[in-house]
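Participant: Quick one, structure for this:
(one chain, ligands or ions: 1)
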Amino acid sequence: MMQSILVTGGAGYIGSHICKELASNGYRPVVFDNLTRGHQDNVKWGPFVNGDVRSIEALRNTIHQYNIDSVIHCAALAYVGESFEKPLEYYKVNVIGALTLIEAIRLEHISTLVLSSSCAVYGSVGILPVSENSVIAPISPYGRTKSIIEMATTDACSHNRFSSIALRYFNAAGAASDGSLAERHEPETHLIPNILKGLSDSSAHFLLNGVDFDTSDGTCVRDYVHVTDIAKAHLLALKYAKVNAGFNAFNLGTGSGFSIREIISEAENVTGLKLRVKEGLRRPGDPPYLVANPAKAKEILKWEPVCSDITTIVSDAWKYFGRNP
Ligand SMILES: NC(=O)c1ccc[n+]([C@@H]2O[C@H](COP(=O)([O-])OP(=O)(O)OC[C@H]3O[C@@H](n4cnc5c(N)ncnc54)[C@H](O)[C@@H]3O)[C@@H](O)[C@H]2O)c1
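Facilitator: Okay, here's the model as predicted:
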């Protein structure tokens, strides 16, 4: 029988790509999402439950009804900037949501949990690239919610004897190469979809947030990792957590950084279009340089990013935006 995996936030960007990957590897993904930020038409590979991760009854019923084996927790509010405007909302959804899920897992005797964590737990790091034993010092409410979730899960794992892995994504980007999914946030705060939107609308400007960072061209440097590579890491994490007790955290990044201006230039090459750029101010909570050391995930999970070169990332994202400007 197919193993059923509960994917909270499975109607969102990363969650839907995880479901696609699970289905193509013989699992049944069961999506649990309240659609505040997701899209029901992203749910294509298994059942959908419209529910809030802060409802223990809804979570327990779903685990029961679908005979859930393991859980992947992606549901969250995930905009760094918004987290400064609505910090309590972020703590409620992200922290209370995760604690409620952990309680449901405990009560339903689920033994494996994989969590969406973030490079935002590191804040503005001095030593680069960032390894998992770098100091955890988030500089945004969003990053703080992720570090609290990790700490709570660490404690719950040792007390309640379940296994959990936090995957600290760097900048998730790109889309399914068959054009079946895309990054569709509203509002969109992520770089590549905003560049591609700007390119497909010749009357629009792209707002470049900050040109005075201490980097080679003054714009932020980030580590972009293809969402399909991120999705594949979840399957490896599930397998690892099945046989290794306790909590563990892994960076998911490539180890290479690209500045915003470099990404713009790549997008112009891929599309053959020219972007109209308007230079603006820095956003709060944006460190100048954030690049992963992914050695631990490579060595222990045997994860290897295979489609995270910047040309593939931009080309795969353009497959959707080129058709849906
Ligand atoms: N996108 C990135 O680059 C990135 C980087 C690091 C970490 N992450 C983390 O990865 C996860 C997924 O991110 P994403 O970019 O796919 O975001 P997303 O907004 O596309 O997906 C999140 C999903 O969670 C759902 N959701 C929100 N609140 C909920 C609630 N109370 N109950 C049930 N469902 C709820 C939304 O409807 C949405 O479908 C998040 O936990 C995010 O913090 C993302």
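Participant: How many residues are close by Asp212?
Facilitator: 11 (other C-beta atoms under 10 Å). Every residue, glycine included, has its C-beta placed from N, CA and C.
Participant: Next: the one 4 residues further on.
Facilitator: Ser216 is surrounded by 12 other residues when neighbours are defined as other C-beta under 10 Å.
Participant: so where is the stretch 201-325 of the chain shaky, pLDDT-wise?
Facilitator: Residue ranges of the stretch 201-325 of the chain with pLDDT under 70: 322-325.
Participant: ranges for the helices of it?
Facilitator: Secondary structure of the stretch 201-325 of the chain (DSSP state H, counting those that start in this stretch): helices at 227-243, 260-271, 295-296, 310-321.
Participant: Show me what the helix or strand where Thr154 lies is packed against.
Facilitator: Per DSSP states H and E: Thr154 is located in helix 141-160. Helices and strands touching helix 141-160, by 3 or more C-beta pairs under 8 Å, 6 or more residues apart in numbering; DSSP states H and E, are helix 80-85, helix 87-90, helix 97-107, strand 112-118, strand 163-169, strand 247-252.
Participant: For the second one, buried residues please.
Facilitator: Buried residues in helix 87-90, counting neighbours by 16 or more other C-beta atoms under 10 Å, are found at Tyr90.
Participant: now it, how far from the centre of its chain.
Facilitator: Counting by C-alpha atoms, centre = their mean, to the nearest Å, helix 87-90 is centred 18 Å from the centre of its parent chain.
Participant: helices or strands next to that helix in the packing?
Facilitator: Helix 87-90 packs on helix 141-160, going by 3+ C-beta pairs under 8 Å, 6+ apart.
Participant: do the third one as well
Facilitator: For helix 97-107, the elements it packs on are helix 56-65, strand 68-73, strand 112-118, helix 141-160, judged by 3+ C-beta pairs under 8 Å, 6+ apart.
Participant: Worst mean pLDDT among those?
Facilitator: Sorting the helices and strands packed on helix 97-107 by mean pLDDT places helix 141-160 lowest, at a mean of 94.
Participant: So which bits of the stretch 51-200 of the chain are right by the ligand?
Facilitator: 52-54, 74-78, 93, 97, 116, 118, 169, 171-172, 185 (C-beta under 6 Å from any ligand atom).
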